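Chemist: Predicted structure and sequence below. I'll ask about it afterward.
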Amino acid sequence: MATDSTSTAVEIFELPGDAVYPESVSVDPASGDAYVGSLADGALYRLASDREVVRWSPAGQDGRSSVAGIKVDRKGRLWAAGGYDGTLYVYELTSRSLLARLDVGARPSCVNDIAFGPGGKAYVTDSFISLLFRAAGDPLVLEPWVDLAEQGVPWSDGLNLNGIVLTLTNDTLWPVRRTSAASGGSRSRAARSRRSRCGAARSSTVTGWRCRIRRCTSRSTPAIGSRSSTSPTTAPAAASERW
């Protein structure tokens with residue numbers, strides 16, 4: 001449904017190639033440049049403020065064959081979710097050097113999106129795995145943080161978790177999941193909980209759940225079970241934050 005709007009496009013960037021399929025965009029808070037990744041081949045592009053489009057990192061670099069979510073943090077690092085490869089890549093923006101190549105340790109996988117918490121911790125969704133992952137430390141380590149299915153969030157075969165954001169109050173993560181058409185049509189849900197535990201408390205405005213990460217504790221060891229042929233090799237971290 002069309003609506004009246006006074007908005008106009010300030011800049012239009014055309015990415016090279018016929019099948020780039022950009023899935024996500026993130027802006028470097030220091031330079032104002034934007035970065036996008038190709039879902040089709042894993043190439044990374046920088047969209048400069050002067051409208052120049054630069055192939056920042058070519059397809060296949062460091063083993064990247066696909067890029068879903070992409071985020072730039074305040075430490076000057078670019079994070080690229082590797083989609084069906086089950087990987088997460090972290091780069092230093094200035095030098096373009098690879099800082100870390102992290103793996104969720106399970107298949108099937110679709111590493112989808114990233115959100116940053118205070119202190120630079122990254123929270124990561126996987127569309128096939130009901131776990132929320134957390135990347136932190138020096139060197140960076142990616143490990144299971146909390147299992148949403150165990151906390152009451154409905155989980156189905158196929159793609160589930162998609163995007164994720166952190167609220168401005170820095171205490172709540174909102175991962176979005178997609179329901180299958182077989183369950184009554186394709187819909188998106190946002191994970192939420194009104195309690196200190198991640199739970200299945202309903203919202204009056206958004207159908208779904210959220211997860212308060214300030215005092216969110218995992219009740220048992222997250223396990224992928226029938227959702228994956230291989231379990232994560234990293235022991236789950238306690239899902240507790242003190243900021």
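Modeler: That came through, no problem.
Chemist: Just checking, which helix or strand of this protein averages the lowest pLDDT?
Modeler: strand 208-209 (a mean of 40; mean pLDDT, DSSP states H and E).
Chemist: Report the distance from stretch 158-173 to the chain centre.
Modeler: Centre-to-centre, stretch 158-173 and its host chain are 8 Å apart (CA atoms, centre = their mean, to the nearest Å).
Chemist: what about the residue lying closest to Val104 once chain neighbours are set aside, neighbour count?
Modeler: Spatial nearest neighbour of Val104, chain neighbours left out: Gly86 (5.0 Å); criterion: CB to CB, 6 or more residues apart in numbering. All C-beta spots, glycine's among them, are computed from the backbone N, C-alpha and C. Per other CB atoms under 10 Å, the neighbour tally for Gly86 reads 22.
Chemist: Thought Arg107 was touching Gly86, still the case?
Modeler: Yes - between Gly86 and Arg107 there is a contact under CB atoms under 8 Å: 6.0 Å.
Chemist: how close does the residue nearest to Val104 sit to Val111?
Modeler: For Gly86, the distance to Val111 (CB to CB, to the nearest Å) stands at 6 Å.
Chemist: and what of Trp155?
Modeler: Using CB to CB, Trp155 is found at 17 Å from Val111.
Chemist: quick one: which of those two has more around it?
Modeler: Taking other CB under 10 Å, Trp155 and Val111 do not tie; Val111 has more neighbours (30 against 15).
Chemist: Kindly state the pLDDT recorded for the more buried one?
Modeler: In this prediction, Val111 carries a pLDDT score of 98.
Chemist: Which residues are in contact with the closest residue to it other than its chain neighbours?
Modeler: Distances taken as CB to CB, 6+ apart place Ala81 nearest to Val111, at 4.3 Å, with adjacent residues excluded. Neighbouring residues of Ala81 by CB atoms under 8 Å, 6 or more residues apart in numbering: 24, 67-70, 88, 111-114, 124.
Chemist: for the spatially most central residue of the chain, which residues make a bridge with it?
Modeler: Centroid check for the chain by CA atoms, centre = their mean gives Asp113 as the closest residue, at 1.4 Å. Here Asp113 shows beta-bridge partners Thr125, assigned using DSSP bridges.
Chemist: Also Arg134?
Modeler: Tyr123, Glu143.
Chemist: Now for Cys110: which residues touch it?
Modeler: Residues in contact with Cys110, defined by CB under 8 Å, 6+ apart, are 68, 83-84, 86, 126-128, 159.
Chemist: State the distance from it to Ala30.
Modeler: Using CB to CB, one obtains 30 Å as the distance from Cys110 to Ala30.
Chemist: OK, contacts around Gly69?
Modeler: Taking CB under 8 Å, 6+ apart, we find Gly69 in contact with 23-24, 79-81, 111-114, 125, 163.
Chemist: hmm, I was thinking of Asp103
Modeler: By CB under 8 Å, 6+ apart, the contact set of Asp103 is 86-88, 142.
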